[in-house]
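Trainee: okay, here's the prediction I keep looking at, along with the sequence it came from:
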Amino acid sequence: MPRYLNQKVIANASNYYSFLRQERGGMPVINHYATPIIRNPGVRERAEINTSTHIWKYGDRYYNLAHKHYGDTRYWWVIAWWNGLPTEADIYPGDVIQIPVDLESTLRILNAA
């Protein structure tokens, strides 16, 4: 379930984007997706979710961890958001992160389901 699955889609056929549509093979419209609103889980909600502890090591990537734990690399952002670390550049070898085990419950809490 990608982040933008239930988001509003705006089909933009504005003349302002005509150059861009031409560059992309004469597309009739460009789709814009509304920005999803995802909130930080509170202490009580975090306590309800079982997590797996992972010690970050050199070469780790969010998408690899998402594949390992969820079977889908597209959920890398769940791990990043849960830990408040938006990119791998924010984590150093030896740092401990938490990986939510129950993806569906985590998405519900993050308001992304």
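Mentor: Alright, I've got the coordinates. In this text, all values refer to a predicted model and were calculated from it rather than measured experimentally. Residues are numbered from 1 along each chain as shown.
Trainee: helix, strand, or coil at the residue most central in space within the chain?
Mentor: Nearest to the geometric centre of the chain sits W77, at 2.9 Å (C-alpha atoms, centre = their mean). Counting by DSSP: H, G, I helix; E, B strand; the rest coil, the backbone at W77 sits in helix.
Trainee: my guess is it meets Y62, correct?
Mentor: Yes: taking C-beta atoms under 8 Å as the contact criterion, W77 and Y62 are neighbours in contact, 7.5 Å apart. Quick note: C-beta positions are derived from backbone N, CA and C, even for glycine.
Trainee: and the pLDDT for the residue of the chain most remote from its centre?
Mentor: Distance to the chain centre peaks in the chain at N15, reaching 31.5 Å (criterion: C-alpha atoms, centre = their mean). In the prediction, the pLDDT value recorded for N15 is 87.
Trainee: ok, E23 next?
Mentor: 89.
Trainee: okay, now it: neighbour count?
Mentor: Other residues near E23 number 10, with proximity taken as other C-beta atoms under 10 Å.
Trainee: again, but for the one 3 residues further on
Mentor: The local packing of G26 (other C-beta under 10 Å) involves 8 other residues.
Trainee: for L20, see how far away it is.
Mentor: According to C-beta to C-beta, to the nearest Å, G26 stands 11 Å off from L20.
Trainee: so how many other residues sit close to L103?
Mentor: Residues contacting L103 under the criterion other C-beta under 10 Å number 19.
Trainee: for it, give its distance to G94.
Mentor: When C-beta to C-beta is applied, the distance between L103 and G94 equals 26 Å.
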